[in-house]
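S.K.: Quick one: sequence and predicted model below, then my questions.
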Amino acid sequence: MDWMQRLEKLDRRIIFVIMLIAVSIPVLVRLDMPIPSSKEVDDYYETIEKLPDGSVVFFPADFDPGSVAELEPMMRSALTHLWRKNCKIVCFTLWDTGPGIVDAILRDMAGKMNKEYGTDYVFLGFKAGREVIMVQIANSISGVFPQDYSGKPTKDLPLMQQVDKLTDTKLIVNISAGYPGTKEWVQQVRTRYAVPMLSGCTGVSAPEYYPYYQSGQLSGLLGGLGGAAKYEARVGVKGDATAGMPAQSMGHLAVIALILMGNVLYVVNKKKAGAR
Amino acid sequence: MNISTEVWIWVSALLTLAIYSYLYRDNPVYKFAEYLFVGLAAGYYFTIYYRNTLIPNLIDPILAGPKDLNYFWYIVPIGLSILLLSRFVPSISWLSRWPIGFMVGAFAGLAIIGNAQGDLISQVQANLLPLVDPDSVTGFNNASGIGGKLLGILWMFGNILLIVGLITTLIFFFFSLEHKGPVGATAKVGVYFLMLSFGASFGFTVMSRISLLLERLRFLYGDWLGFTIVR
């Protein structure tokens, strides 16, 4: 077996080490790269920009700690953008592993932007039921969430005395890691109640949601860390997504190089085998 | 380098490394972390479903006593829940089929309505497009320079590409005619469109996975080992 054949059967652990090095370098050494925007991100930004100041926004944060890497920067930028416009946020999650992380992000951002719980935002916690909850909450938020995440009666919160159903809000901003998430919100709620909707989702789910953006069911879409970084640039925030882009790009270059190498080796070795 | 002295940072870092050790090969350290996670998750799920759903939506309203006739609706979920527990008694386990049937029926109904109104009708409407988008013609006319004009031409072909892709892909999934001759050639074009979409999905998946690795590396290098990381 010559070296080209050996290279074709490269141990997968060497590939892991290559990826580790490629992603590690930009984490430790600054490599600034440009972050050009895209139409779906511009539309996301403009939809929020066009909201009247002080609008109430429905904010289902459907993710868990496993997708924090991509979705936390999106949620932070969206909260920054919405709160700059003094929007009121009704947040909850349909992911059972979500409430802890969503609550922590909300508290941290509210502290940084001087927003008060109960009047500027509420966090209603988690509720089991997926699509059933989506349909019910569109009709009565307090019916589904009689208590908020901390156990206070929902109806005692000043913000919840202004709104009790989906049509009382101006926009749905969904942060989605999969099922239940953007697809189900579009199917069960967006289409039925015609409230404009934005989605920030993981890279894995983005291809599935692009048809909803193309059809106008989503007014804007942020896909993966790339989408989060472009949105941070539009909002004027230098967050974890922007800081992560050089590492992301280096990782992609490593994957491209490995795919090209694998294909070249395959063709060359096949030709050699044919010649024999 | 300013290594962390916080216990929970160390626990988190060591468990991350334990999980990553699987990349080398399966080993007892990885198994320990895996079992620990499964056990913790089971306890967590029980607690959160009990605290966030059962207590506020069922137990508290029942203990509060009847205010109107709607109170008696709570008998239905309680009854169905008890029937679900009959699975533990083999002689009456068939009773659990009723609540399961209720859940399957409700979710199937919602899924059918959602797919029909959210996907099928809306997506068919969204694909009833003019072959050439009038905005693209305006965009082409207003574009300056060779680059701008080239982009304008590509924009003009956007709808055509979408419609050709849609029709050829649908023909690929049409199995009532043998894929030979013109049908076969059209289906083959559909395969290329499918391959392009798989490529795009793979690209997004790579981006997602690198993001996960990146977040863990930032934690390990920054929060745990105390290196200065790029912010």
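M.R.: Looks like it arrived, so ask away.

S.K.: which SS state does residue B:3 fall under?
M.R.: coil (DSSP: H, G, I helix; E, B strand; the rest coil).

S.K.: and residue A:198, backbone torsions?
M.R.: Residue A:198 adopts backbone torsions of phi -120, psi 150, taken as degrees, to the nearest 10.

S.K.: My error: substitute residue A:171 in the last question.
M.R.: phi -160, psi 150.

S.K.: Pull the number of nearby residues for it.
M.R.: The number of residues packed near residue A:171 is 20, by other C-beta atoms under 10 Å in any protein chain shown. All C-beta spots, glycine's among them, are computed from the backbone N, C-alpha and C.

S.K.: Show me the beta-bridge partners of it.
M.R.: residue A:57 (DSSP bridges).

S.K.: Now do the contacts for residue 166.
M.R.: Picked chain A for this. Contacts for residue A:166 (C-beta atoms under 8 Å, 6 or more residues apart in numbering or on different chains) come out as A:58, A:137, A:138, A:139, A:141, A:172, A:189, A:193, A:195.

S.K.: that's the wrong chain, I meant chain B
M.R.: residue B:127.

S.K.: Assumed it was part of a strand.
M.R.: No. Residue B:166: not assigned to a strand; according to three-state DSSP it is helix.

S.K.: of the contacts of residue A:166, buried ones?
M.R.: A:58, A:137, A:138, A:141, A:172, A:189, A:195 (16 or more other C-beta atoms under 10 Å in any protein chain shown).

S.K.: So which of those belong to strands?
M.R.: Within the buried ones among the contacts of residue A:166, residues falling in strands by DSSP state E are A:58, A:172.

S.K.: The buried ones among the contacts of residue A:166 in helices, which ones?
M.R.: A:137, A:138, A:141 (DSSP state H).

S.K.: In terms of model confidence, name the weakest of those residues.
M.R.: Here the lowest pLDDT out of those sits on residue A:138, with 88.

S.K.: Please report how far that one lies from chain B.
M.R.: 12 Å (C-beta to the nearest C-beta, to the nearest Å).

S.K.: quick check: longest helix of chain A.
M.R.: helix A:240-275.

S.K.: Packing partners of that one?
M.R.: For helix A:240-275, the packing partners by 3 or more C-beta pairs under 8 Å, 6 or more residues apart in numbering or on different chains; DSSP states H and E come out as helix A:3-8, helix A:12-28, helix A:68-84, helix A:224-235, helix B:181-218.

S.K.: CSV for the ones you listed, including mean pLDDT?
M.R.: Converted to CSV, the helices and strands packed on helix A:240-275 look like this (pLDDT from 0 to 100):
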stretch, mean pLDDT
helix A:3-8, 82
helix A:12-28, 95
helix A:68-84, 97
helix A:224-235, 96
helix B:181-218, 95
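
S.K.: Now distance to residue A:48 and mean neighbour count too, for those, in TSV please.
M.R.: Listed next are those as TSV, based on distance: least, C-beta to C-beta, whole Å; neighbours: other C-beta atoms under 10 Å in any protein chain shown:
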stretch	distance to residue A:48	mean neighbour count
helix A:3-8	50	12
helix A:12-28	30	16
helix A:68-84	5	24
helix A:224-235	9	25
helix B:181-218	23	17
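
S.K.: possible to save these as TSV with distance to residue B:24?
M.R.: Formatted as TSV, these follow (distance: least, C-beta to C-beta, whole Å):
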stretch	distance to residue B:24
helix A:3-8	20
helix A:12-28	6
helix A:68-84	23
helix A:224-235	27
helix B:181-218	16
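
S.K.: picking up where we left off before, which members of the contacts of residue A:166 are the farthest-apart pair?
M.R.: Comparing every pair within the contacts of residue A:166 by C-beta to C-beta identifies A:139 and A:172 as the most remote, at 14.8 Å.

S.K.: Could you single out the nearest of the ones in helices among the buried ones among the contacts of residue A:166 to residue B:40?
M.R.: residue A:137 (29.1 Å).

S.K.: check contacts around that closest one.
M.R.: Residue A:137 neighbours (C-beta under 8 Å, 6+ apart): A:92, A:144, A:145, A:166.

S.K.: Need those residues in JSON lines (columns: distance to residue A:126 and pLDDT).
M.R.: JSON lines is the format used below for the contacts of residue A:137 (distance: C-beta to C-beta, whole Å; pLDDT from 0 to 100):
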{"residue": "A:92", "distance to residue A:126": "7", "pLDDT": "96"}
{"residue": "A:144", "distance to residue A:126": "11", "pLDDT": "93"}
{"residue": "A:145", "distance to residue A:126": "10", "pLDDT": "94"}
{"residue": "A:166", "distance to residue A:126": "18", "pLDDT": "90"}
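
S.K.: Relative to residue B:108, which of those is nearest.
M.R.: The nearest member of the contacts of residue A:137 to residue B:108, counting by C-beta to C-beta, is residue A:144 at 21.3 Å.

S.K.: Up against chain B, what does the stretch 1-150 of chain A have?
M.R.: With C-beta under 8 Å from any C-beta of the partner chain as the criterion, the stretch 1-150 of chain A meets chain B at residues A:13, A:16, A:19-20, A:23-24, A:26-31, A:66, A:68-70, A:96-97, A:99, A:125-132, A:135, A:144-147.

S.K.: the helices in chain B, which residues?
M.R.: B:7-20, B:28-49, B:60-63, B:75-84, B:97-114, B:121-126, B:134-142, B:145-156, B:158-172, B:181-218.

S.K.: and of those helices, who's closest to residue A:224?
M.R.: Nearest to residue A:224, of those and by C-beta to C-beta, is helix B:181-218 at 4.7 Å.
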